[in-house]
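[1] Sequence first, predicted model second:
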Protein chains: 2
Amino acid sequence: MKRLGVIGGLGPMASAYFLELLVQMTDASTDQEHLDVILLCRPTIPDRTAAILDPSRESPVPMMREAARELERIGACCIAVPCITSHHFFEELQPAVSIPFLHLVRETVSHLREQGVKKAGILATTGTIRTRLFQDELERQGLSYVIPDEAGQEKVMHLIYKNVKAGLRPELPLFEEVSTGLRKQGAECAILGCTELSLIKRDYPLGPGYLDALEVLAKASIEFCEKPLKPDFQNLITR
Amino acid sequence: MKRLGVIGGLGPMASAYFLELLVQMTDASTDQEHLDVILLCRPTIPDRTAAILDPSRESPVPMMREAARELERIGACCIAVPCITSHHFFEELQPAVSIPFLHLVRETVSHLREQGVKKAGILATTGTIRTRLFQDELERQGLSYVIPDEAGQEKVMHLIYKNVKAGLRPELPLFEEVSTGLRKQGAECAILGCTELSLIKRDYPLGPGYLDALEVLAKASIEFCEKPLKPDFQNLITR
């Protein structure tokens, strides 16, 4: 039996929701058919965005490496990290272990490509946009993309930091405005590329044309560990 | 820093919700202030209720012992198990490790006592009722209790197995009928003594006079690991 390793706590609520997605998306009718998971929830791992924007800040890499080695030692067959910004550090982390890191960004773009999407919109933190995590991978796989304009990006950050992270109701009209902006620029689908946006999708119906990157990571985890996926979750783009 | 160990996957959804409760109830304003958690989600641990009702069935004890030892080795300072029926096996499990198991049943009854409750109702599976997990502890701490009559207990099992475990909406009028029955017998508060009932409380407003045992376990975990609890969660009985 294959055991999924998870480095969590970045943030902690996304880790809890990721576990919930694994349960919801696995085609199991008894407890015993679900995934075996080892989750190391280490919220003290230094802030990823801060380290990217200011290289003088403490790097999250040493603690993440240690967690990865621990997961390998306990018997994980692969590692999922339910935190998008962290993927910026994957090239530094992978050499620490011989089990693979599941790459949420790569998997998300592959899913778009498989579903025939040619042009995607990106909804993510300013940090993720600046590191070009999604843009570079979209280009690599031959897709084009659009991002919000400056005012739109401020609305996305407001939703993430002033609404969800602050424990308040998301201002859905803001969300709608940014999405409409992306569609006007030709996006066929908008990537929810930040786990706070995944939490908005969990709690509110967003309508068609969104792909939640956290759901993609759950799908990739279930498949890598050779568990059956519920048929409803083969195509994760909302309809 | 104190690290919480969790044996999970019994069932998997309760483990995800337990993590969510830890996040919601900790008084933290940044990721870094949250609990450090190691969760071993081992859904293949044999069914607890089956082993209690039929001693010829495979016991969950050996796999739970192994998980407990693993948690101790990785540095957990205590162990929480978000599965009520499992507590039946705690006396067999505790000698395997030198770190304490946090006892959800004992903590729940202590909480009722601290809040001045004299007579509690018990909402739990027929298995939990038969093992007298809650009844014995309530007696030990000097509280009296009531349980549903046979028809009421069938309604509780219907809610757990035919509604929640089946992924359907709970039939709340059934819930209301059983609760009213317990109150007529003099219960001042009803214990939600099954994690499926905790999931009903998560999703629907139940009104006053309930104590969710999973919330009690989250509170005990946060306190044992010396993290601050949000003031709203000092008294967990719904008002």
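    Yes, it's here.

[2] how long is stretch A:193-212 end to end?
    Stretch A:193-212 has an end-to-end distance of 7 Å (C-alpha to C-alpha, to the nearest Å).

[3] Figure out how far it is from the centre of its chain.
    Relative to the centre of its chain, stretch A:193-212 is centred 11 Å away, using C-alpha atoms, centre = their mean, to the nearest Å.

[4] For that stretch, list every residue counted as buried.
    Using 16 or more other C-beta atoms under 10 Å in any protein chain shown as the test for burial, stretch A:193-212 gives A:193-201, A:206, A:209-212. All C-beta atoms are positioned from the backbone trio N, CA, C, and that covers glycine.

[5] Next to chain B, which bits of chain A? Give me the list.
    A:1, A:8-13, A:15-17, A:19-20, A:22-23, A:31-44, A:46-47, A:70, A:74 (C-beta under 8 Å from any C-beta of the partner chain).

[6] Any chance of a PyMOL selection covering the buried ones in those residues?
    Only the buried entries of the residues of chain A next to chain B go into this PyMOL selection, using 16+ other C-beta under 10 Å:
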select buried, chain A and resi 8+9+10+11+12+13+15+16+17+19+20+22+23+31+32+34+35+36+37+38+39+40+41+42+43+46+47+70+74
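
[7] contact partners of the helix or strand of chain A with the lowest mean pLDDT?
    Across the helices and strands of chain A, mean confidence by mean pLDDT, DSSP states H and E is lowest for helix A:48-53: a mean of 87. Contacting residues not belonging to helix A:48-53 are listed as A:10, A:57-60, A:83, A:85-86, A:88-89, A:125, A:127, A:130-131 [C-beta atoms under 8 Å, 6 or more residues apart in numbering or on different chains].

[8] List buried residues within those.
    Buried among these by 16+ other C-beta under 10 Å: A:10, A:59-60, A:83, A:85-86, A:88-89, A:125, A:127, A:131.

[9] For those residues, name the two members farthest from one another.
    Farthest pair in the buried ones among the contacts of helix A:48-53 (C-beta to C-beta) is A:59 and A:125. Separation: 18.3 Å.

[10] Just the buried residues of stretch A:162-173, please?
    Buried residues in stretch A:162-173 (16+ other C-beta under 10 Å): A:163-165, A:170.

[11] Adding pLDDT and secondary structure, write the residues you listed out as CSV.
    Output for those, formatted as CSV (pLDDT from 0 to 100; DSSP: H, G, I helix; E, B strand; the rest coil):
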residue, pLDDT, secondary structure
A:163, 89, helix
A:164, 86, helix
A:165, 79, coil
A:170, 94, coil
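
[12] Run through the helices of chain A in chain order.
    A:12-25, A:48-53, A:61-74, A:90-93, A:104-114, A:126-131, A:133-140, A:150-157, A:172-184, A:195-203, A:213-224 (DSSP state H).

[13] Please produce CSV containing those, extended by distance to residue B:105.
    Shown next, in CSV, are the helices of chain A (distance: least, C-beta to C-beta, whole Å):
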stretch, distance to residue B:105
helix A:12-25, 24
helix A:48-53, 40
helix A:61-74, 29
helix A:90-93, 41
helix A:104-114, 39
helix A:126-131, 44
helix A:133-140, 46
helix A:150-157, 45
helix A:172-184, 42
helix A:195-203, 31
helix A:213-224, 33
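
[14] lowest-confidence stretch among those?
    With a mean of 87, helix A:48-53 has the lowest mean pLDDT of those.

[15] And it, what's buried?
    For helix A:48-53, by 16+ other C-beta under 10 Å, it's A:48-49, A:51-52.

[16] Would you check that residue A:89 makes contact with residue A:65?
    No. Residue A:89 is not in contact with residue A:65 according to C-beta atoms under 8 Å; the separation is 9.4 Å.

[17] do you know how far the residue lying farthest from the centre of chain A is from residue A:47?
    Going by C-alpha atoms, centre = their mean, the residue of chain A most distant from its centre is residue A:30, 27.3 Å out. According to C-beta to C-beta, to the nearest Å, residue A:30 and residue A:47 sit 40 Å apart.

[18] Residue A:71 now?
    Residue A:71 is 21 Å from residue A:47, by C-beta to C-beta.

[19] thinking again about what came up before, quick check, distance from the least confident helix or strand of chain A to the centre of its chain.
    17 Å.

[20] Equivalent analysis for stretch A:75-94, please.
    The answer for stretch A:75-94 is 11 Å, by C-alpha atoms, centre = their mean.

[21] and if you look at stretch A:127-141?
    How far stretch A:127-141 lies from its chain's middle: 13 Å, per C-alpha atoms, centre = their mean.

[22] how long is that stretch end to end?
    End-to-end for stretch A:127-141, by C-alpha to C-alpha: 22 Å.

[23] and chain A, what are its domains?
    Split into domains by automatic domain parsing, chain A comes to A:3-103+A:216-233, A:105-213.

[24] Which residues are in contact with the closest residue to residue A:4 other than its chain neighbours?
    In space, and not counting its chain neighbours, residue A:4 is closest to residue A:37: 4.8 Å by C-beta to C-beta, 6 or more residues apart in numbering or on different chains. Applying C-beta under 8 Å, 6+ apart to residue A:37 gives the contacts A:3-6, A:19, A:22, B:8-9, B:39-41.

[25] could you measure residue A:37 against residue A:19, distance?
    Counting by C-beta to C-beta, the gap from residue A:37 to residue A:19 is 7 Å.

[26] Now for these two: what residues contact both?
    A:6, B:39, B:41.
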